[in-house]
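Peer 1: What would the 3D arrangement of this be:
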Amino acid sequence: MNRSEIVEFSDTVEIIEECYRMGWSDGLPVVPPVEYKVREMLELSGLTGEEEIITFDMRRRVLTAENAAANAVMAGCLPEYFPVLTTALRTLDEEKNYVNMAASSTSSPAILMIVNGPIRHTLEMNSRDGIFGPGNRANACLGRAVRLCFMNGFEARPGILDRGTLGNPSKYTLTFAENEEDSPWEPLHVSRGFQPGDSCVTIAVAYNPITVNNAYGQTGEMILASVADTLKSACLAWRFPAQWALVFGPEHAITLNEGGWTRRGIQEYLIENAARPQAELIRLGIAQGPERDGDDQLLRRCSREPDDIIIVMGGGTGGRNSAIIDTTNYQIRTRRIEVAS
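Peer 2: The predicted structure follows:
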């Protein structure tokens, strides 16, 4: 999309239909990117529109602040959301190869965005009931804006640049805030070296959350054993070792805390217990064979280092559920969100 493609209509419904005809939609209706809305988005962030936000070297494409703002408007974002979006895109830009993967891989990854700090409240983001689901504007629109930037900026459309075999519903959005207030552990961004008062976004290239429904485990170890079992099965462990995001629901978090489980203790337990023998992976067709002597003793662990497993608390009460999110081999990054004064 570029400025020469701006169209004008007096009828609101007709302009929405024109956005469909122009190919600007992700399949859902978009907010028409009228110029004054794009200007509002940029001005609140102190941007001119000419700034380069993210580049796609393989396609020789550059997404400017104006491009990003237009897609943010179409996604339904308010101007206050824009600093989170630009920070997320700039964070992705730090690892060029994964911009290509996130846009076009056959395995259909999405962009995971976890928001921490005061901006969660400013934007009224959801960190509790239905944390992964519909119903919250900021959660839904921020994730959607990233995908629209990829589609309209980099032509990452199914069957064109996006070569996803099956697709992924998380491509619509996989954005949420951490419930810092109720968590037994320090906030994610603090564990990654930032100050409690900083507003931050943590970015990863990820797949759908997988629910761990442990309804009857009464100890922390019972809960972690079920999480480890799920980790061992995720993608048949073909990406071991990798990085993971764990979202513990409130009941599971309380049980773990009562059992004295720290963030580091949980990470070390999972590295030790979420492992599969190389021989087993070969027999499943996940690792390349043939089997060699010792493959049955060679353990492939879920992660190399404890910090490869990020842990947050979120979700609603009333069910003993948690979730794991496979974040591939992308280097999870956390970045401070700068808001113009």
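
Peer 1: which residues of this protein fall in helices?
Peer 2: Listed in chain order, the helices of the chain (DSSP state H) span 12-21, 35-44, 65-75, 82-92, 96-104, 119-122, 137-154, 188-191, 220-233, 250-258, 263-273, 278-283.

Peer 1: Now the first one - C-alpha only, PDB.
Peer 2: Output for helix 12-21, consisting of C-alpha atoms alone and laid out as PDB, is shown next (Å, rounded to 0.1, in the frame of the first residue of the first chain):
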ATOM      1  CA  THR A  12     -18.900   4.200   4.900                       C
ATOM      2  CA  VAL A  13     -20.100   0.800   3.900                       C
ATOM      3  CA  GLU A  14     -18.900   1.300   0.400                       C
ATOM      4  CA  ILE A  15     -15.400   2.400   1.400                       C
ATOM      5  CA  ILE A  16     -15.100  -0.800   3.600                       C
ATOM      6  CA  GLU A  17     -16.100  -2.800   0.500                       C
ATOM      7  CA  GLU A  18     -13.500  -0.800  -1.500                       C
ATOM      8  CA  CYS A  19     -10.800  -1.900   1.100                       C
ATOM      9  CA  TYR A  20     -11.800  -5.500   0.300                       C
ATOM     10  CA  ARG A  21     -11.500  -4.800  -3.400                       C
END
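
Peer 1: May I see the buried residues of that helix?
Peer 2: Ile15, Cys19 (16 or more other CB atoms under 10 Å). To be clear about C-beta, it is placed using only N, CA and C from the backbone, and glycine gets the same treatment.

Peer 1: and Thr165, backbone torsions?
Peer 2: Backbone torsions of Thr165, given as degrees, to the nearest 10, read phi -70, psi -50.

Peer 1: still on that earlier bit, so can I have TSV of the helices of the chain showing mean pLDDT?
Peer 2: Shown next, in TSV, are the helices of the chain (pLDDT from 0 to 100):
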stretch	mean pLDDT
helix 12-21	92
helix 35-44	97
helix 65-75	98
helix 82-92	97
helix 96-104	79
helix 119-122	98
helix 137-154	97
helix 188-191	98
helix 220-233	96
helix 250-258	98
helix 263-273	98
helix 278-283	92
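
Peer 1: Could you report the distance from Leu161 to Ala88?
Peer 2: 20 Å (CB to CB, to the nearest Å).

Peer 1: Please say which of these two ends up with more neighbours.
Peer 2: Ranked by neighbour count (other CB atoms under 10 Å), Leu161 and Ala88 place Ala88 first, with 29 against 18.

Peer 1: which residues sit in contact with that one?
Peer 2: When contacts are counted by CB atoms under 8 Å, 6 or more residues apart in numbering, Ala88 touches Ile111, Met113, Leu142, Val146, Val201, Ile203.

Peer 1: now Ile223
Peer 2: Val212, Asn214, Gly217, His252, Thr255, Leu256, Ser322.

Peer 1: most neighbours, which of those?
Peer 2: The residue in the contacts of Ile223 with the most neighbours, by other CB under 10 Å, is Ser322 (29 neighbours).

Peer 1: ok, back up a step: make a markdown table out of the contacts of Ala88 and add distance to Phe240.
Peer 2: Listed next are the contacts of Ala88 as a markdown table, based on distance: CB to CB, whole Å:
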| residue | distance to Phe240 |
| --- | --- |
| Ile111 | 22 |
| Met113 | 25 |
| Leu142 | 30 |
| Val146 | 27 |
| Val201 | 27 |
| Ile203 | 22 |
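
Peer 1: Tell me the buried residues within the residues you listed.
Peer 2: For the contacts of Ala88, buried by 16+ other CB under 10 Å: Ile111, Met113, Leu142, Val146, Val201, Ile203.

Peer 1: Any idea which of the helices of the chain gets closest to Thr317?
Peer 2: Across these, Thr317 has its closest neighbour in helix 250-258 (5.1 Å, CB to CB).

Peer 1: How about residues contacting that closest one?
Peer 2: Contacts of helix 250-258 (CB under 8 Å, 6+ apart): 179, 182-185, 214, 217-220, 223-224, 248, 266, 313, 315-317, 319-322.

Peer 1: Filter those residues down to the buried ones, ChimeraX style.
Peer 2: Here is the ChimeraX selection string for the buried members of the contacts of helix 250-258, based on 16+ other CB under 10 Å:
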select :179,183,185,214,217,220,223,224,248,266,313,315,316,320,321,322
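
Peer 1: circling back to that earlier point, can you tell me which of the helices of the chain is most buried?
Peer 2: Most buried of the helices of the chain, by mean neighbour count (mean count of other CB atoms under 10 Å): helix 65-75, with a mean of 27.
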